[in-house]
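Novice: Dropping a prediction and its sequence here:
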Amino acid sequence: MDNAFEELTERGKHAQEIAQTRVGYLGGSDAKMVYKVATSGAGALSATEIKRLNVCCGNSKNVSTFGGNAATERGHDFEDYMVSVFAAMDVKVEREKFMQGRKYNHFTAMAHADYYAGGTVYECKCVVGKTTEAVANSYYAQLQWYYMLGAEMVYLVHGIDANQVADIVEIPRNEGFVAMLERGCELIDAYCDSIVALDQLASVAYTDAPQDMRDMIKSITAMQDTIKSYTAQLEVLKNSLCSAMVSGGIGEIRGDVSVHYTPERTVRTIDTKKLLAVFPDVATADVYTEGQRRGYITITAKRNGQVN
């Protein structure tokens, strides 16, 4: 009974420590978001991720009420079980090792390593119904995050039950991926003020918007409808002209307005997401070009009514 109480107390302390480091820090759980910014820019951030950055920068409170579920409890039990496993392996480890990396203007990079031993991190993931390879892929950004913080070696400890280890595999350092995580942190730091400001913009009902904005929206939607109509008519005419040229044996019409027929063909393109999934070390900062893109709006109009 006393041991169970001590375990719950330790879990509560750890949960409180994690909650405290939500402000002023980006941790391993944020690694996938950081990598997304490095590859796709700050514009790819979701509303949830923007809220997370607001908490990180201290602009809003961490109000998460998630108290865990069966899966998280199984994960905690598995981490407890690993104490005896490491003892049997005669590996002296430090539990919940706080690792701190570079300090940026708005945050510090950090992580809580499940187990740590002389530069080696053991990250425990109790995931049922998935192969160790699939688990490694799911948490790849978090595992590489440890290398960014200075880990010399990282191991994934895959559990399939609270007291059953499926495998312990080394996750090699990926220099390209680590470089992209560093770049992602730099981008978030550089654009942090403008990113977090997005969450502070008000959301209002259409009927509550100022009249001049509503007038502009009406004009835009009317123009969009006209453009769609003309685009559809244009495609019909172009297809008809294409068929007429082919049936008439004409491949090109020259003049002030020229028309050139290009026959149907197979086109091969590179799927960058698949490429980076297979060769993640290719994703160094050198292969990306960066530029400024103006802010924009997206308008979605329901077709079952008029815009007034």
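Specialist: In hand now; what should we look at?
Novice: where does the stretch 151-300 of the chain dip in pLDDT?
Specialist: Within the stretch 151-300 of the chain, the ranges that satisfy pLDDT under 70 run 196-202, 273, 276-299.
Novice: now the helices: where do they sit in it?
Specialist: Under the criterion DSSP state H, counting those that start in this stretch, the stretch 151-300 of the chain carries helices at the ranges 175-198, 211-247, 272-278.
Novice: Pick the most buried one from those.
Specialist: Stretch with highest mean neighbour count among the helices of the stretch 151-300 of the chain: helix 175-198 (a mean of 19; mean count of other Cβ atoms under 10 Å). From N, CA and C alone the C-beta is placed, and that goes for glycine too.
Novice: Output the host helix or strand of residue 74 in CSV, but only the C-alpha positions, please.
Specialist: Under the criterion of DSSP states H and E, residue 74 resides in helix 70-88. C-alpha atoms of helix 70-88 as CSV (Å, rounded to 0.1, in the frame of the first residue of the first chain):
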residue,chain,number,x,y,z
ALA,A,70,-5.9,3.4,-19.6
ALA,A,71,-3.1,3.8,-22.2
THR,A,72,-1.2,6.4,-20.2
GLU,A,73,-1.5,4.4,-17.0
ARG,A,74,-0.2,1.4,-18.8
GLY,A,75,2.7,3.5,-20.0
HIS,A,76,3.5,4.7,-16.5
ASP,A,77,3.3,1.1,-15.2
PHE,A,78,5.7,0.0,-18.0
GLU,A,79,8.2,2.7,-17.0
ASP,A,80,7.9,1.5,-13.4
TYR,A,81,8.5,-2.1,-14.6
MET,A,82,11.7,-1.0,-16.4
VAL,A,83,13.3,-0.3,-13.1
SER,A,84,13.7,-4.0,-12.4
VAL,A,85,14.7,-4.7,-16.0
PHE,A,86,17.6,-2.2,-15.9
ALA,A,87,18.6,-3.7,-12.5
ALA,A,88,18.7,-7.2,-14.1
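Novice: returning to what we had before: need the helices of the stretch 151-300 of the chain in a markdown table (columns: distance to residue 168).
Specialist: Listed next are these as a markdown table, based on distance: least, Cβ to Cβ, whole Å:
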| stretch | distance to residue 168 |
| --- | --- |
| helix 175-198 | 21 |
| helix 211-247 | 56 |
| helix 272-278 | 24 |
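Novice: Quick check: which of those is nearest to residue 153?
Specialist: helix 175-198 (13.6 Å; Cβ to Cβ).
Novice: Now do the helix or strand just after the helix holding residue 74: which elements does it pack against?
Specialist: Counting by DSSP H and E, the next helix or strand C-terminal to helix 70-88 is strand 94-103. Here strand 94-103 touches strand 108-117, going by 3 or more Cβ pairs under 8 Å, 6 or more residues apart in numbering; DSSP states H and E.
Novice: which residues are in contact with the strand it packs on?
Specialist: Residues outside strand 108-117 that contact it (Cβ atoms under 8 Å, 6 or more residues apart in numbering) are 14, 17-18, 21, 24-28, 79, 82, 86, 91-103, 121-124, 142, 145-146, 148-149, 151, 157, 185.
Novice: go with 7 Å
Specialist: Strand 108-117 is contacted from outside by 18, 21, 24-28, 79, 82, 86, 91-102, 121-124, 145-146, 148-149, 185, using Cβ atoms under 7 Å, 6 or more residues apart in numbering.
Novice: Partner strands of that strand, with direction?
Specialist: Within its sheet, strand 108-117 is paired with strand 25-26 (parallel), strand 94-103 (antiparallel), strand 120-126 (antiparallel), according to DSSP bridges.
Novice: Select, out of these, the one closest to residue 209.
Specialist: Of all the strands paired with strand 108-117, the one in closest proximity to residue 209, counting by Cβ to Cβ, is strand 25-26 (35.4 Å).
Novice: Can you mark which positions in the helix or strand following the closest one are buried?
Specialist: Reading on from strand 25-26 to the C-terminus, the next helix or strand found by DSSP H and E is helix 31-40. Residues of helix 31-40 classed as buried: 31, 32, 33, 34, 35, 36, 37, 38, 39 (neighbour count, 16 or more other Cβ atoms under 10 Å).
Novice: Include pLDDT when you put those into CSV, please.
Specialist: What follows is the buried residues of helix 31-40, written out as CSV (pLDDT from 0 to 100):
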residue, pLDDT
31, 96
32, 94
33, 94
34, 95
35, 93
36, 92
37, 91
38, 90
39, 87
